[in-house]
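Engineer: What follows is a predicted protein model with its sequence.
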Amino acid sequence: MSSERPKKKAKTANNAEVSIGGSSSGGIHLTPELIARVATFADAVCSPDMMNICLAVGPESSRTVRHCYLRKRKRFLRVTMMEFSQRNISSERACSNHLAWMKVNADWRTLAVRDKFMEKLKLACKEGGPDQTAANFVHPLIAFNNPAVAIQIGLFDSLKHIVEDKGIDINSFEWTPFNSTKRNHLLKHAVFYRNEGIFKYLLNRPGIDIRCNADDVDEDEDYPLFDIHANDVDANYPLFDSLLWLSNDEGSLDSAFLKLFMKHPEFHINGLTFHFSDSAESFTPLYCAAILCVRVLIPRQFYEKMFQTVLQGTQILLSAGANPNLRFLPHCASPIDFLRSQKATAQTGELHGSRLEDFEAREKYWDEAIALLEKHT
C-alpha cells in the first residue's frame, strides 16, 4: 500500500453539492420523489432496502418516498402475493403490505376492485382445475376481488367492501382461497384462518344462514355415510357440526368460534335448530354433537384428537344449558339415550359401519362420552 498522501479530488465545474430533500444553490438535488423512483428497483417486500432508504432520508422525507413509491404501484402487491404463495412471508405480513398500499391509495375501492375481474375469479373458482382455479392467479389485486383471499390474509376492509358494496352472496360456495381449490362457506374460511373478527362480522350479517353446510361437495360423488376425515377433506358437514370438531394445531377446540356462533339469535340451545348432514329432520345442538361423536367413534380409522375436540364442544353445550335428557320429538331418544343405544348396538357388532374389534379398542371412549352427559343429568 502506498504511503503517499492521496491527491485531492477534482471539483466539478460548478462545485456541485449533493443534497437530499432540502434546498441547494445548484448541483444534484435528490428529491424524495427521485429517491422513490430509485427505490422502485428495491425489493420492498422481502429486503430491507426500502426501509434503509427511508431511514437515510429521515421521517419527513420518508413519508413522501413512501407515498411516491406505493402510489398505484401494483408490482408491490404482485410481489407480496407471489411471496405469500411461496410461503416466504406470513399472512400477517401480506396483510400489512396491503394495508400500507391502501393507506397511500385511498381510492383503492375504485382503483383495485373490478367487477369483471371478480366475475372471472368466481368462474375460475367454480370450474376448478390446475389451470382454471383462482388459486393459481398470482394477481396483484386478487385480495381486493376474492373474499376468500381477503379472509385468508385478514384484509377486513376489502372483505367488507366486497360484501356490503358489491353484494356478494355470503352463503354461497363460490370462492376458494389462494393456493386452494376448496370451496367452503366464508364462515368456514374465517374459522380455518383463525380470524375471530371476520367470523363475528360475517355471523352478524343480515341473511347469514347458520344452518347451511360448511363445505361444497359434488352431489354426484358418493361419500360413505360414516367416512369422516381429520382434515375435513371429503366430509360435507353443516357449519355447526364443523365448529364442534375443528381444532387448532395443538388439537384443542377453538372454542371462541363456537361460543360466538352460539350467540346468534337463531341458535337455540334446546331447540330444533339444525339438520345433520343429509338428514331431513331437525335436531337439538346436543343431539347433533351426540351423532357426531358416534361418527367419530365408528370408522375403521380413529382420530383421538378429533374425538376429544368433539367432547370439548359437547362440554361447552352442556355448560350453556343443553339438556341431555331432552326428547326433541316423542318418538326420538334423548342425546344420552341415543349414545347408550348406539354403544349397545356397537357392542354386538351390529352397528352399521362399525366392527366389533373397533368397538372393543374404543370402549373407553364410548364410556367417556356417555359419562360426560351423565354428569349433567
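Structural biologist: Looks like it arrived, so ask away.
Engineer: Surely residue 118 is in contact with residue 165?
Structural biologist: No - assessed by Cβ atoms under 8 Å, residue 118 is found out of contact with residue 165, at 11.5 Å. All C-beta spots, glycine's among them, are computed from the backbone N, C-alpha and C.
Engineer: So which of those two has more stuff around it?
Structural biologist: Neighbour count, other Cβ atoms under 10 Å: between residue 118 and residue 165, residue 118 has more, with 20 against 10.
Engineer: so where does the more buried one fall, helix or strand?
Structural biologist: Assigned by DSSP states H and E, residue 118 belongs to helix 115-127.
Engineer: in terms of contact count, name the helices or strands touching that helix.
Structural biologist: helix 142-145 (3 or more Cβ pairs under 8 Å, 6 or more residues apart in numbering; DSSP states H and E).
Engineer: quick one: average pLDDT of the helix it packs on?
Structural biologist: Averaged over helix 142-145, pLDDT sits at 95.
Engineer: same thing with stretch 166-179?
Structural biologist: pLDDT averaged over stretch 166-179 gives 89.
Engineer: Need the residues that contact it.
Structural biologist: Stretch 166-179 has contacts (Cβ atoms under 8 Å, 6 or more residues apart in numbering) with 81, 84-85, 113, 115, 118, 121-122, 125-126, 128, 133-135, 142, 146-149, 151-152, 162-163, 182-186, 189, 193, 202, 205, 207-209, 212, 215-216.
Engineer: Now that residue 334 has come up, it's in contact with residue 341, right?
Structural biologist: No - using Cβ under 8 Å, residue 334 is not in contact with residue 341; the gap is 10.3 Å.
Engineer: of the two, who's got more company?
Structural biologist: With neighbours defined as other Cβ under 10 Å, residue 334 and residue 341 compare such that residue 334 has more, 20 against 12.
Engineer: what separates that one from residue 290, distance-wise?
Structural biologist: 9 Å (Cβ to Cβ, to the nearest Å).
Engineer: between the two, what contacts are shared?
Structural biologist: In contact with both residue 334 and residue 290: no residue, using Cβ under 8 Å, 6+ apart.
Engineer: buried ones in the helix or strand harbouring residue 163?
Structural biologist: Take DSSP H and E as the rule and residue 163 turns out to sit in helix 156-164. Residues of helix 156-164 classed as buried: 158, 159, 160, 161, 162, 163 (neighbour count, 16 or more other Cβ atoms under 10 Å).
Engineer: Now the two most distant members of those.
Structural biologist: 158 and 163 (9.7 Å; Cβ to Cβ).
Engineer: Which residue, neighbours along the chain excluded, lies closest to residue 161?
Structural biologist: residue 109 (5.8 Å; Cβ to Cβ, 6 or more residues apart in numbering).
Engineer: Over to residue 67?
Structural biologist: In space, and not counting its chain neighbours, residue 67 is closest to residue 104: 5.3 Å by Cβ to Cβ, 6+ apart.
Engineer: swap in residue 77?
Structural biologist: In space, residue 77 is closest to residue 140, 3.7 Å off (Cβ to Cβ, 6+ apart).
Engineer: how long is stretch 255-272 end to end?
Structural biologist: Stretch 255-272 has its terminal residues 22 Å apart, counting by Cα to Cα, to the nearest Å.
Engineer: so how far is it off the chain centroid?
Structural biologist: 20 Å (Cα atoms, centre = their mean, to the nearest Å).
Engineer: swap in stretch 337-344?
Structural biologist: The answer for stretch 337-344 is 36 Å, by Cα atoms, centre = their mean.
Engineer: Quick one: mean pLDDT for that stretch?
Structural biologist: 95.
Engineer: could you dump it to PDB, C-alpha only?
Structural biologist: Listed next in PDB are the C-alpha coordinates belonging to stretch 337-344 (Å, rounded to 0.1, in the frame of the first residue of the first chain):
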ATOM      1  CA  ASP A 337     -80.200 -42.500  25.400                       C
ATOM      2  CA  PHE A 338     -79.000 -42.200  21.800                       C
ATOM      3  CA  LEU A 339     -75.400 -42.600  22.900                       C
ATOM      4  CA  ARG A 340     -76.300 -45.600  25.100                       C
ATOM      5  CA  SER A 341     -78.200 -47.400  22.500                       C
ATOM      6  CA  GLN A 342     -75.500 -46.800  19.800                       C
ATOM      7  CA  LYS A 343     -72.900 -48.200  22.200                       C
ATOM      8  CA  ALA A 344     -75.100 -51.300  22.900                       C
END
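Engineer: can you list contacts of that stretch?
Structural biologist: 287, 290, 291, 293, 294, 333, 351, 366, 369, 370, 373.
Engineer: Looking at the residues you listed, which are in helices?
Structural biologist: 287, 290, 291, 293, 294, 366, 369, 370, 373 (DSSP state H).
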